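Q: Mind looking at a prediction? Sequence and model below.
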Amino acid sequence: MSAPPPSPPPPPPNVPSPGAEAVPTCYRHPDRETYVRCQRCERPICPDCMREAAVGHQCVECVREGNRDVRRTRAVFGGAAVVTPRVTWALLTVNVLAYGAEILARDEVLARFQMWSPGVYYGQWWRLITSAFLHAPPPSFWHILFNMWALFVIGPELERRLGSVRFGMLYLLSALGGSVAVYLFGIAAVGASGAIYGLFGALFVVARRLGYDARGVLWLIGINVVITFVVPGISWQGHLGGLVIGTLLAAAFAYAPARNRTAVQFGSAAAVLFVLIFIVASLPPYAVLSVTG
C-alpha cells in the first residue's frame with residue numbers, strides 16, 4: 001500500500017503565489033493601482049498623470065519633453081502666429097465705442113479729443129491719437145462706415161502676416177503720422193483715415209514682398225487719393241501722412257533681415273515714433289500761422 005505524496009511547503013509571506021503577477025502602480029503615485037501605460041516610455045500612469053496623445057495617453061514628462069522639440073509657428077514677418085486677429089477686433093470696438101460717445105455728447109467729445117493744431121501746439125498732445133478714433137458725427141455715417149469696413153477687410157490679413165504686435169504698431173504709428181501731417185499743414189480733423197491709408201500702403205508692400213500681383217492694391221490707393229482731393233471736406237493731410245508712414249514702416253517690417261529681424265523691426269518703429277514726436281516738439285503748425293499771421 002503506497003503513501004500519498006507529501007504536500008508542497010507553503011509560500012513565504014509577501015511572495016505571490018505561482019502564476020500571479022504584482023499589480024502595477026503609477027510611477028508618480030505609488031499608492032495608486034493602474035493598468036494604463038504611457039505610449040512613449042511605457043511607464044504605468046494613473047488618471048491624474050495621463051495626457052491625451054495622438055494615440056492613447058502619455059505621461060507628464062514625455063509630453064513636456066515632446067513640447068521642447070516642437071518649434072513654435074511664427075507669422076510670415078515675425079511675431080507669434082495669429083489665429084484670431086484680436087488687435088483688429090479691439091480697434092474696431094474702440095472706434096465704435098468712441099462714435100457712441102460722440103452720439104451721446106457730440107460737442108464735448110469733439111472739443112476735447114479731436115485733432116486741433118493750436119491745441120496740440122499748446123500741449124494737448126493726446127489729440128494726436130484720440131482724434132484717430134473719432135469720426136464725422138451724425139448724421140454723417142459714411143465716414144465711420146467706410147473706415148471700419150476697410151479695417152474689417154484689410155486688418156485680419158495684415159495682422160496674420162505681420163503678427164499682432166507689429167500690426168498694432170503699424171496702425172497706431174500710421175494714425176499718428178496722419179495727425180502730425182494735420183498738425184503741420186491743417187487745423188482740425190477727425191477719423192481713422194490716416195491709419196486706414198497706412199494699412200493700404202502696408203498691404204501694397206506686403207503683396208510685393210510675397211510676390212503677389214499688387215496692381216489691384218495700387219488701383220485702390222490711387223482711387224482713394226483722387227477721392228481725397230476731389231471730394232470737399234476730406235483731410236488730405238491725414239490721408240497722405242498715414243499713407244507715407246504706413247508704407248515706410250511696412251517696408252521696414254517686410255524687408256528686415258532674418259538674422260536681426262526683431263531688432264530691425266522694433267528699432268524702425270521706435271525711430272519713426274521719435275521722428276514724429278520731434279517734429280511736433282520742434283516745429284509750429286504752419287497752416288495756423290499762415291491764417292493768423
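A: Received the coordinates, thanks.
Q: My read is that residue 25 contacts residue 36, right?
A: No - applying C-beta atoms under 8 Å as the test, residue 25 and residue 36 come out as separate, 11.5 Å apart. Just so you know, the C-beta spots here come from the backbone N, C-alpha and C atoms, and that holds for glycine as well.
Q: Now do the shared contacts for these two.
A: Jointly contacting residue 25 and residue 36 under the rule C-beta atoms under 8 Å, 6 or more residues apart in numbering are residue 44.
Q: tell me the contacts of the closest residue to residue 45 other than its chain neighbours?
A: In this structure, residue 45 finds its nearest non-sequential neighbour in residue 59, 4.9 Å apart by C-beta to C-beta, 6 or more residues apart in numbering. By C-beta under 8 Å, 6+ apart, the contact list for residue 59 reads 27-28, 38, 40-41, 43, 45, 49-51.
Q: Name all residues that make contact with residue 257.
A: residue 264.
Q: On the three-state scheme, it is what?
A: coil (DSSP: H, G, I helix; E, B strand; the rest coil).
Q: Looking at it now. What's its pLDDT?
A: Residue 257 carries a pLDDT value of 92.
Q: Could you do the one 10 residues further on as well?
A: Per-residue confidence (pLDDT) for residue 267: 97.
Q: before we move on, what about residue 45?
A: pLDDT at residue 45 comes out at 88.
Q: What number of residues are in the vicinity of it?
A: Neighbour count for residue 45, taken as other C-beta atoms under 10 Å: 26.
Q: Quick check: of the contacts of residue 59, which has the highest neighbour count?
A: Going by other C-beta under 10 Å, residue 45 tops the contacts of residue 59 with 26 neighbours.
Q: Distance of that one relative to residue 31?
A: For residue 45, the distance to residue 31 equals 14 Å [C-beta to C-beta, to the nearest Å].
Q: try residue 273
A: On the measure of C-beta to C-beta, residue 273 and residue 31 end up 60 Å apart.
Q: ok, residue 102 - contacts?
A: Residue 102 neighbours (C-beta under 8 Å, 6+ apart): 109-110, 134-135, 137-138.
Q: closest to residue 144 among those?
A: Nearest to residue 144 out of these is residue 135 (C-beta to C-beta; 4.0 Å).
Q: The closest one touches residue 147, doesn't it?
A: Yes - the pair residue 135 / residue 147 is scored as a contact, 6.8 Å apart, by C-beta under 8 Å.
Q: Give me the common contacts of these two.
A: Residues touching both residue 135 and residue 147 (C-beta under 8 Å, 6+ apart): 95, 191-192.
Q: what about the protein, any weak spots by pLDDT?
A: Low-confidence regions of the chain, defined by pLDDT under 70, span residues 1-21, 54-55, 67-72, 292-293.
Q: show me where it has strands.
A: Secondary structure of the chain by DSSP state E: the strands cover 51-52, 57-58, 115-116, 188-189.
Q: So which of those strands is the most surrounded?
A: strand 115-116 (a mean of 26; mean count of other C-beta atoms under 10 Å).
Q: hmm, who's touching it?
A: Here strand 115-116 makes contact (C-beta under 8 Å, 6+ apart) with 124, 127-128, 131, 179, 182-183, 186-190, 238.
Q: That one: partners in the sheet, and parallel or antiparallel?
A: Note on strand 115-116: by DSSP bridges, its sheet partners are strand 188-189 (antiparallel).
Q: List of residues touching the strand it pairs with?
A: With C-beta under 8 Å, 6+ apart as the criterion, strand 188-189 contacts 114-117, 131, 179, 182, 235, 237-238.
Q: Pick out whichever of these sits closest to residue 258.
A: Using C-beta to C-beta, the contacts of strand 188-189 come closest to residue 258 at residue 179, 33.3 Å.
Q: Next, count neighbours for the closest one.
A: If we define neighbours as other C-beta under 10 Å, then residue 179 has 31 of them.
Q: count of residues packed around the residue nearest to it when sequence neighbours are not counted?
A: Excluding its sequence neighbours, the residue lying closest to residue 179 (C-beta to C-beta, 6+ apart) is residue 128, at 4.2 Å. By the criterion of other C-beta under 10 Å, residue 128 has 21 neighbours.
Q: Same question for residue 34.
A: By other C-beta under 10 Å, 17 other residues sit near residue 34.
Q: hang on, isn't it packed against residue 28?
A: No - look at residue 34 against residue 28 with C-beta under 8 Å: they stay out of range, at 10.4 Å.
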